[in-house]
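[1] just to be clear, the model below is a prediction. Sequence and coordinates:
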Amino acid sequence: MKFKQLLNKISVLQENAPEHTFGGGLYIGDPQHQDKGSALTDKGTFNVRLPHSLDAINAMLYGIGTREYIDPYGVMAVVKQKLNHFGFDFEIKGELKEGPNVFELVQYGSPYLGVYGQNPYDDVNKTGFSQGDGIKEKLGHSLALVVTMTKQPNHLKKLNIVIAPSEDSTLNGGPDCGCM
């Protein structure tokens, strides 16, 4: 069997293959593109300015939350890893409690420092380095990961996970990053 014949038979196995979860997966790109969807197009889910991006990510998070878990911290590690694919990151401070838990999101930055840098058109001696969450300048508001944990009658935990708009992040105009 030649390699091209093998590729035709193995159409399911491919790079960036879909993750089969209820509500979607990581293979969310531009379905109208001639080469099928890809996270590498300008319509990928990393672009939070596009309205469908957060819907697609929230659909994936909903799929994760449809199951019940013994260890919610293990699930949160998976959520953190999945959100890293879209450039998002967050820090779990303290213990997860029953009810809503809110975590500040950053995009393309550190959950400890945020995103900092300099606009190439600004004079760094006058304005200094800017710091933020990497989201507010794109959307006009920050985003938060809201995880509502509920203990089930069978003593397992169910997580309702969603990215929601938030008023502001402590990283926007927060403490000096030490760059000055």
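    Thanks, I have it.
[2] ok, Asp71 to Ser110 distance?
    Shown here: Asp71 relative to Ser110, a distance of 25 Å by Cβ to Cβ, to the nearest Å. (Each C-beta comes from the backbone N, C-alpha and C, glycine too.)
[3] just so I have it, where are all the helices in this structure?
    Taking DSSP state H, the helices of the chain run over residues 3-9, 51-65, 72-84, 124-127, 136-139.
[4] switch those over to JSON lines; also include mean pLDDT, distance to Phe103 and mean neighbour count.
    Below are the helices of the chain laid out as JSON lines (pLDDT from 0 to 100; distance: least, Cβ to Cβ, whole Å; neighbours: other Cβ atoms under 10 Å):
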{"stretch": "helix 3-9", "mean pLDDT": "73", "distance to Phe103": "42", "mean neighbour count": "9"}
{"stretch": "helix 51-65", "mean pLDDT": "88", "distance to Phe103": "12", "mean neighbour count": "17"}
{"stretch": "helix 72-84", "mean pLDDT": "93", "distance to Phe103": "9", "mean neighbour count": "16"}
{"stretch": "helix 124-127", "mean pLDDT": "78", "distance to Phe103": "30", "mean neighbour count": "9"}
{"stretch": "helix 136-139", "mean pLDDT": "85", "distance to Phe103": "16", "mean neighbour count": "14"}
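[5] need these in CSV (columns: distance to Lys158).
    Below are the helices of the chain laid out as CSV (distance: least, Cβ to Cβ, whole Å):
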stretch, distance to Lys158
helix 3-9, 40
helix 51-65, 7
helix 72-84, 9
helix 124-127, 47
helix 136-139, 29
